[in-house]
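In: Sequence first, predicted coordinates after that:
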Amino acid sequence: AQRVTQPEKLLSVFKGAPVELKCNYSYSGSPELFWYVQYSRQRLQLLLRHISRESIKGFTADLNKGETSFHLKKPFAQEEDSAMYYCALRMDSSYKLIFGSGTRLLVRP
Amino acid sequence: DSGVTQTPKHLITATGQRVTLRCSPRSGDLSVYWYQQSLDQGLQFLIQYYNGEERAKGNILERFSAQQFPDLHSELNLSSLELGDSALYFCASSVTASNEQFFGPGTRLTVL
């Protein structure tokens, strides 16, 4: 079955440190991968999608089909990056999103 | 607000009751999605509508039903409520089914 795994429930780093939020997926077809972010008291919003291959707020994510991963990275974390991050998969035959369980990123001053 | 709106924000009810959650998509968006976020199950897709027609179904219980009206707003009906139905229910919308989904603020349902 299709699945998205985010192994870390909580990731705590200091300001200025590099960040990597892990995401692995299981799907044999052509997936579309996304990262969504939810800041405190705000709605879920799209951060990145792999097909656009862009950097948003300093974050990047590369789809690695060999390792079935889509890890989210930022070289220097900022306090305002503290939020809940969800990795999501959309299968090529469907439009629904399959979400991981989320990782809470806490950036300490 | 030109984004996705959901009403009510909070809903507290008792087991066995029936509730209706409402979602208004962004202007111009034809596709509406419902998701349930609970502590033990995470964020799970329930159902999708496109221009009034059901397009995809996820882990939606038979006690739950939804519809999308001609003005494109959608309602999620939850009946015979159980304690385990307590969750955040999100609605999302997109222009077409393959475009970016924009999420609403959610409705927090508490079943006592």
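Out: It's in. Worth saying up front: this structure is predicted, and the values here are computed from it rather than measured.
In: Quickly list what the closest residue to B:Ser86 other than its chain neighbours is bridged to.
Out: Leaving aside its sequence neighbours, B:Ser86 sits nearest to B:Val111 (C-beta to C-beta, 6 or more residues apart in numbering or on different chains; 4.8 Å). To be clear about C-beta, it is placed using only N, CA and C from the backbone, and glycine gets the same treatment. Counting by DSSP bridges, B:Val111 forms beta bridges with B:Thr13.
In: Likewise for A:Gln38?
Out: Here A:Gln38 sits in beta bridges with A:Met84, going by DSSP bridges.
In: Can you list the low-confidence ranges for chain A?
Out: Along chain A, the model assigns pLDDT under 70 to residues A:92-94.
In: Contact distance from chain B - what residues of it qualify?
Out: Neighbours of chain B within chain A, by C-beta under 8 Å from any C-beta of the partner chain: A:36, A:43-46, A:49, A:86, A:94-102.
In: Quick one: name the residues of chain B near chain A.
Out: Going by C-beta under 8 Å from any C-beta, the residues of chain B near chain A are B:3-4, B:31, B:33, B:35, B:42-45, B:48, B:55-56, B:58, B:90, B:92, B:97-98, B:100-106.
In: Out of the residues you listed, name the ones that lie in strands.
Out: Counting by DSSP state E, those place B:31, B:33, B:35, B:42-45, B:48, B:55-56, B:90, B:92, B:102-103 in strands.
In: Just read off the phi/psi values of the nearest residue to B:Glu53 once chain neighbours are set aside.
Out: Excluding its sequence neighbours, the residue lying closest to B:Glu53 (C-beta to C-beta, 6+ apart) is B:Gln68, at 7.6 Å. The phi/psi pair for B:Gln68 (degrees, to the nearest 10) reads phi -120, psi 130.
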